[in-house]
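Chemist: structure of the sequence below:
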Amino acid sequence: MAAKPRKLKKEPRRGATPLVEKPTREFRWPTIAIKIHWAWLVTPVVLVAGFYAAQWMMVRWPITGIEVEGRLSVWTPEKIAEKVVWVKDQGFFTADLQTVHDVVAELPLLTNVVIRKKWPGTIVISAYEDVAMAAWNDDKLLSINGSLMAIPEGFNASNLAKIKSNAEYTDIAVRGFRKVQQMLSDMGVTVTELTISDTGSVDIVLSNQWQVAFGRRNFEERVRRLHRLLQKLPNQNVAMVDLRYGKGAAIGWQSLQEKG
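Modeler: Just a heads-up that it's a prediction; the model follows:
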């Protein structure tokens, strides 16, 4: 059997070993450190710039228009807008909408007032008109909901019923006017004048020219009595009806001269 060849051992190196110099490393900031470093510088600048930009928008962003919508007949949108034109001097974000609402709501006949903003620079006013029911003491209006208000500029109140009373009897006048109108509606007559004296006595004039005295008591019962008289009496012959009695009424007839 053949013998295995021997492995030759490597001879150790002899002589000086050359010195290998390690390369010099340059110091570098870690990437994350650089990002944080710039963030520290940029973030405050961005925040300050954003603050002043927001402040500028809050104060300077202008209101450029006023729109008025709703059910209107006496007031025009232009007239209502004129009353609050000063809001255009305010910024869109800082406009005092409560004051705008209060000014519009104080205008005669206007009710259900709502104020809102519409981007980018408009104030929208929504309002409806109440219905004038009568002229009060020739210088105010009585609305259908019982509110007293000034007569709007240019409003013609000549075709309205007239109510004369002092402030003490306002509620009595309103209730009395409504009650007579309601109870006589089927007779085709309306109230043209209602007067309450300083003692609280009620007198009315009807559209058929009847002058009716109700006194101070039993008002509703006396209105029912008037209704029966309107059914029975010839309207064109009656001048005055006095209901200040427990039962019945005193009738004043027109003279031939008054008729002619």
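
Chemist: tell me the predicted confidence for the most centrally placed residue in the chain.
Modeler: Compute the mean C-alpha point of the chain, and by Cα atoms, centre = their mean the closest residue is V113, 1.3 Å away. Looking at V113, its pLDDT reads 96.

Chemist: list of residues touching the helix or strand that contains it?
Modeler: Element membership for V113, per DSSP states H and E: strand 110-118. If you take Cβ atoms under 8 Å, 6 or more residues apart in numbering as the criterion, strand 110-118 is touched by 67, 70, 75, 80, 92, 95, 97, 100-101, 104-105, 123-130, 145. All C-beta spots, glycine's among them, are computed from the backbone N, C-alpha and C.

Chemist: same deal with stretch 178-197?
Modeler: For stretch 178-197, contacts defined as Cβ under 8 Å, 6+ apart pick out 134, 161-166, 169, 172-173, 176-177, 202-208, 210, 219-220, 223-224, 226-227, 230-231, 235.

Chemist: SS state for W86?
Modeler: Secondary structure, DSSP: H, G, I helix; E, B strand; the rest coil: W86 is helix.

Chemist: could you tell me which of the contacts of stretch 178-197 belong to strands?
Modeler: Secondary structure from DSSP state E places 134, 161-164, 202-206 of those in strands.

Chemist: columns neighbour count and pLDDT on top of these, output as a markdown table?
Modeler: Listed next are the ones in strands among the contacts of stretch 178-197 as a markdown table, based on neighbours: other Cβ atoms under 10 Å; pLDDT from 0 to 100:
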| residue | neighbour count | pLDDT |
| --- | --- | --- |
| A134 | 22 | 92 |
| A161 | 21 | 94 |
| K162 | 18 | 95 |
| I163 | 26 | 94 |
| K164 | 15 | 94 |
| V202 | 26 | 96 |
| D203 | 17 | 96 |
| I204 | 24 | 96 |
| V205 | 16 | 97 |
| L206 | 21 | 96 |
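
Chemist: restricted to buried residues, select the contacts of strand 110-118 in PyMOL.
Modeler: Selecting the buried subset of those in PyMOL, with 16 or more other Cβ atoms under 10 Å as the burial test, is done by:
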select buried, resi 70+75+80+92+95+100+101+104+123+125+127+129+130
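
Chemist: so which of the contacts of strand 110-118 are in helices?
Modeler: Within those, membership in helices is found for 80, 97, 100-101, 104-105, as judged by DSSP state H.

Chemist: look up phi and psi at the closest residue to N235 other than its chain neighbours.
Modeler: Of all residues not flanking N235 in the chain, N208 sits nearest, at 4.7 Å (Cβ to Cβ, 6 or more residues apart in numbering). When quoted as degrees, to the nearest 10, the phi and psi of N208 stand at phi -90, psi 10.

Chemist: check the gap between N208 and A157 for me.
Modeler: With distances taken as Cβ to Cβ, to the nearest Å, N208 is found 22 Å from A157.

Chemist: between these two, who's got more neighbours?
Modeler: Counted by other Cβ atoms under 10 Å, N208 and A157 do not tie: A157 has more neighbours, with 17 against 14.

Chemist: part of a helix, is that one?
Modeler: No - A157 is assigned coil when assessed by three-state DSSP, not a helix.

Chemist: give the contact list for it.
Modeler: Residues near A157 by Cβ under 8 Å, 6+ apart: 132, 135, 141, 151.

Chemist: how close does the residue nearest to the centre of the chain get to S158?
Modeler: Using Cβ to Cβ, one obtains 28 Å as the distance from V113 to S158.

Chemist: report the spatially nearest residue to Q254, omitting neighbours in sequence.
Modeler: Nearest to Q254 is A239, by Cβ to Cβ, 6+ apart, at 4.4 Å.

Chemist: can you check E129 too?
Modeler: Nearest non-adjacent residue to E129, counting by Cβ to Cβ, 6+ apart: L109, 4.8 Å away.
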